[in-house]
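Engineer: okay, here's the prediction I keep looking at, along with the sequence it came from:
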Amino acid sequence: NRIVNMKKGCFLLLVLLSLIYGYQGYKVVDTYVNDEIKIKTSGKLSDITEKVIPVLLETPDTGIVRHARHIRKDGNHLFMLSDNRLLHFDIHGNFINQIASDIHEENDVFIAGYVLDTNADQLFVIDSQRNIGKYDYDGNRISQSPIRHPWHTLSAMVFHNGYIWATAETLVKAEDTPDSYLIKNELFQLDTDMNILSKQTLRIADTGRERLFSGSCISELLVDEEGVYAYSPPSHTEHLLKDTLYLAERKKIPYLYPDGPSGMACIYPVRKGQRHTMSMCNRPAGKKLTFCFDHENLTAYILPEGFKDDFFGTGHTNLHPMDIYNKSYCFIKSGKDLPKNILKNMVNEEQTILFILNPNA
């Protein structure tokens, strides 16, 4: 009887969810109608990947790797920003070189961002004085030129299909109050000399419900089979699962805006992957939330502390993508965050270990 009651309870829960989705104008894909969507508030890395690879990063001559961010992987190459340094390692953690070493704080110049051209083994590096430099993987500067466009902020960049794609914020006068300005987000297609080939205003992706655009901050530009899209992590996560289900349905019939230069020109609240759709959300009071939807197992992970590392026991993780297609993710730990069995293999307790996983395998 207990099992029967549990089944009835699950059935009633599904009916209730269907009514809620229907009331809010959502259509759920056929596969979701006949299966139970599992929602978990705790999860382990083994739930989304079969293997985690630890990479002990060698300490460069310029000092230990701290506050590493914007980590990118291209084959056996690893790149990351750390304390205004663009560091280049191999897949085993051996330090190779520092790219754009002439950009340093003593000159009051900072690295604002970089993108990889993986086909040519080159990087495009942007500094705080609005210059863009092209470098090869050996660290040689090939060219440098100023960015002359009147952008208020260059928010994200990616190199895809032979072009540089960038999102930029521009200030435009409000029609009703000419003395005030509004922020306009646009997607630009540029050649490698940063000449504009086309542009269009970015739109919030259609999720089947009304959404007010409030000048969302573009976090990244990413790529899927439909083209380039922008990612902006939501601060309000109550609709994230329903939005993801709706987007999964629409993916069966790709919707390309007719005035788009190449594929999608949307702002998505999630990073799209082959199997897992993910989002690392910023919530009020500085708290973060990891959202992951497994399309194969129909499981949604809504995790206030992130996935727990059950491979190396390093605690909860903050996952970051390592490529523009969201095929690989990583997290970084060092010092007190590492268990003793790992620390004994390190030369210095302040060394950093990069952990790499492929959740979409």
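Structural biologist: Good, I have the coordinates.

Engineer: every contact and neighbour count from this point should use C-alpha atoms.
Structural biologist: Will do.

Engineer: can you give me the strands for the stretch 151-300 of the chain?
Structural biologist: 153-160, 163-173, 181-190, 196-201, 203-204, 220-224, 227-231, 266-268, 276-282, 288-294, 299-303 (DSSP state E, counting those that start in this stretch).

Engineer: dump those strands to JSON lines, plus mean neighbour count.
Structural biologist: Below are the strands of the stretch 151-300 of the chain laid out as JSON lines (neighbours: other Cα atoms under 10 Å):
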{"stretch": "strand 153-160", "mean neighbour count": "20"}
{"stretch": "strand 163-173", "mean neighbour count": "20"}
{"stretch": "strand 181-190", "mean neighbour count": "19"}
{"stretch": "strand 196-201", "mean neighbour count": "15"}
{"stretch": "strand 203-204", "mean neighbour count": "18"}
{"stretch": "strand 220-224", "mean neighbour count": "21"}
{"stretch": "strand 227-231", "mean neighbour count": "23"}
{"stretch": "strand 266-268", "mean neighbour count": "23"}
{"stretch": "strand 276-282", "mean neighbour count": "22"}
{"stretch": "strand 288-294", "mean neighbour count": "22"}
{"stretch": "strand 299-303", "mean neighbour count": "21"}
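
Engineer: export these to a markdown table and tack on mean pLDDT?
Structural biologist: A markdown table is the format used below for the strands of the stretch 151-300 of the chain (pLDDT from 0 to 100):
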| stretch | mean pLDDT |
| --- | --- |
| strand 153-160 | 90 |
| strand 163-173 | 87 |
| strand 181-190 | 85 |
| strand 196-201 | 88 |
| strand 203-204 | 82 |
| strand 220-224 | 91 |
| strand 227-231 | 89 |
| strand 266-268 | 87 |
| strand 276-282 | 90 |
| strand 288-294 | 93 |
| strand 299-303 | 96 |
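
Engineer: am I right that residue 129 sits in a strand?
Structural biologist: No. Judged by DSSP: H, G, I helix; E, B strand; the rest coil, residue 129 forms no part of a strand; its state is coil.

Engineer: which residue comes closest to it once chain neighbours are left out?
Structural biologist: Counting by Cα to Cα, 6 or more residues apart in numbering, residue 109 is the residue found nearest to residue 129 once chain neighbours are left out, at 6.7 Å.

Engineer: could the strands of the stretch 151-300 of the chain be laid out in a markdown table, adding distance to residue 116?
Structural biologist: Formatted as a markdown table, the strands of the stretch 151-300 of the chain follow (distance: least, Cα to Cα, whole Å):
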| stretch | distance to residue 116 |
| --- | --- |
| strand 153-160 | 6 |
| strand 163-173 | 10 |
| strand 181-190 | 15 |
| strand 196-201 | 19 |
| strand 203-204 | 26 |
| strand 220-224 | 12 |
| strand 227-231 | 15 |
| strand 266-268 | 22 |
| strand 276-282 | 22 |
| strand 288-294 | 26 |
| strand 299-303 | 31 |
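
Engineer: in this structure residue 335 contacts residue 353, no?
Structural biologist: No. Counting by Cα atoms under 8 Å, residue 335 does not reach residue 353; the two are 9.3 Å apart.

Engineer: give me the more crowded residue out of these two.
Structural biologist: Set residue 335 next to residue 353 and count neighbours by other Cα atoms under 10 Å: residue 353 wins out with 22 against 16.

Engineer: that one - that's part of a helix, no?
Structural biologist: No. Under three-state DSSP, residue 353 falls outside any helix and is assigned strand.

Engineer: and it, what pLDDT?
Structural biologist: In the prediction, the pLDDT value recorded for residue 353 is 92.

Engineer: host element of residue 311?
Structural biologist: For residue 311, there is no enclosing helix or strand under DSSP states H and E.

Engineer: could you pull out the helices in the chain for me?
Structural biologist: Assigned by DSSP state H, the helices in the chain fall at 2-23, 30-33, 240-250, 340-343.

Engineer: the ones you listed: lowest mean pLDDT?
Structural biologist: helix 2-23 (a mean of 40).

Engineer: run through the residues that contact residue 122.
Structural biologist: 116, 134, 135, 136, 137 (Cα atoms under 8 Å, 6 or more residues apart in numbering).

Engineer: tally up the residues packed near the third one, please.
Structural biologist: Yep, that's residue 135 we're talking about. Quick note: residue 135 (other Cα under 10 Å) scores 20 neighbours.

Engineer: now it: how far from residue 97?
Structural biologist: 12 Å (Cα to Cα, to the nearest Å).

Engineer: what residues are up against the closest residue to residue 55 other than its chain neighbours?
Structural biologist: Closest residue to residue 55 apart from its sequence neighbours, by Cα to Cα, 6+ apart: residue 354 at 5.0 Å. Shown in contact with residue 354 (Cα under 8 Å, 6+ apart): 54, 55, 56, 57, 330, 331, 332, 333.

Engineer: what about the first one, neighbour count?
Structural biologist: I take that to be residue 54. For residue 54, using other Cα under 10 Å, the count is 20.

Engineer: flag the shaky bits of the stretch 1-150 of the chain, pLDDT-wise.
Structural biologist: The model of the stretch 1-150 of the chain has pLDDT under 70 over residues 1-35.
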